[in-house]
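Engineer: quick check, what structure comes out for this input:
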Amino acid sequence: MARILSLEHSRDGFAYNNAGYFSRRGDVSEFAYFFEGQKAPDPRPYDLVIVYGGEMRAYDDRASPWIKGELRFLEACLAAGTPLLGICLGSQLLARVLGARVHRSDAPEFGFKRILLNPAGAADRALGVLGDARGGFLAIQWHDDAWELPAGASLLASSEAWPNQAFRYGPGLLATQFHLEFTREHVAWAVARPGEGESADPDREDRASFAAPSPRYDEIELSMERLLDGILEGAVARSSSAR
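Structural biologist: Reported below is the predicted structural model:
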């Protein structure tokens, strides 16, 4: 059993597809909403902090002044040795904490895309288990921003359009530009909103196809669970040895 803290950046009413995974394991799931002015908790009791995505820009402190507080909390997590998983906006915030540039991407991505592992990614204890015979896996992309690789971090994966898709920093921090946590219902709701799904990705997926029922959603849910297996196995082992 693990204690999980999820940093979410909206109140859209949808649970991510890993909610059932945590429930089956008996994990304790807690949530923090810095964008609502919530006070930062003590990061030390948590076995994993997950920093999810969002519509805001990781580098726009003026539009989202709460970002500075969330960055300070992530710095505290690093200082405490609390394991971190950053997804999309979350990966960008972690890159920024580590001193890397976050910016508008030259290659925005939208839809289901294949992620390709490099040798470091294939050897990674969490991400490596997702690779198939072709050395990659399916994921969802929905981003217009991107990060540069932080100093001291290892690049783990790329896509056909954009090289920086996942990095590891030390044993306890994993960041992914792509998504494995979305449900079909969440995507269908999101792409139906006015103005959504209008990515500049020249190879963007049609919105109707993206949101349609498909085994692809089962595939990414399984990948998310396998990823979390690898993360939590290492995190709980480190936590137990520290005690």
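
Engineer: taking the centroid of the chain, which residue is nearest it?
Structural biologist: For the chain, Ile87 is the residue whose C-alpha lies nearest the centre (CA atoms, centre = their mean; 1.3 Å).

Engineer: Phe137 is in contact with Ile115, isn't it?
Structural biologist: Yes: with contact defined as CB atoms under 8 Å, Phe137 and Ile115 form a contacting pair (5.6 Å). Just so you know, the C-beta spots here come from the backbone N, C-alpha and C atoms, and that holds for glycine as well.

Engineer: partner residues bridging the residue nearest to the centre of the chain?
Structural biologist: Going by DSSP bridges, Ile87 is paired in beta bridges with Thr176.

Engineer: what's around Ala19, how many residues?
Structural biologist: 14 (other CB atoms under 10 Å).

Engineer: just Tyr52 next, same as before
Structural biologist: The burial count for Tyr52: 19, using other CB under 10 Å.

Engineer: quick one: pLDDT of it?
Structural biologist: For Tyr52, the model assigns a pLDDT of 98.

Engineer: so the nearest residue to Ile67 once chain neighbours are set aside, which of the three states?
Structural biologist: Leaving aside its sequence neighbours, Ile67 sits nearest to Asp61 (CB to CB, 6 or more residues apart in numbering; 5.5 Å). For Asp61, the assignment made with DSSP: H, G, I helix; E, B strand; the rest coil gives coil.

Engineer: what about Gly170, how many neighbours?
Structural biologist: Count around Gly170 with other CB under 10 Å applied: 14.

Engineer: one step back: pretty sure the residue nearest to Ile67 is in contact with Leu71, am I right?
Structural biologist: No: using CB under 8 Å, Asp61 is not in contact with Leu71; the gap is 9.0 Å.

Engineer: against Ile140, how distant is Ala19?
Structural biologist: To Ile140, Ala19 is 17 Å away according to CB to CB, to the nearest Å.

Engineer: does Trp189 touch Asp12 like I think?
Structural biologist: Yes: Trp189 lies in contact with Asp12 (CB under 8 Å); the separation is 7.3 Å.

Engineer: any residues in contact with both of Phe137 and Ile115?
Structural biologist: Listed as contacting both Phe137 and Ile115 by CB atoms under 8 Å, 6 or more residues apart in numbering are Leu130.

Engineer: the two - which one has more neighbours?
Structural biologist: Neighbours were counted for Phe137 and for Ile115 using other CB under 10 Å; Ile115 has more, 26 against 23.

Engineer: on the three-state scheme, that one is what?
Structural biologist: Secondary structure of Ile115, per three-state DSSP, is strand.

Engineer: who does it form a beta bridge with?
Structural biologist: In this entry, Ile115 is beta-bridged to Phe137, Ser159, by DSSP bridges.

Engineer: great, nothing more from me.
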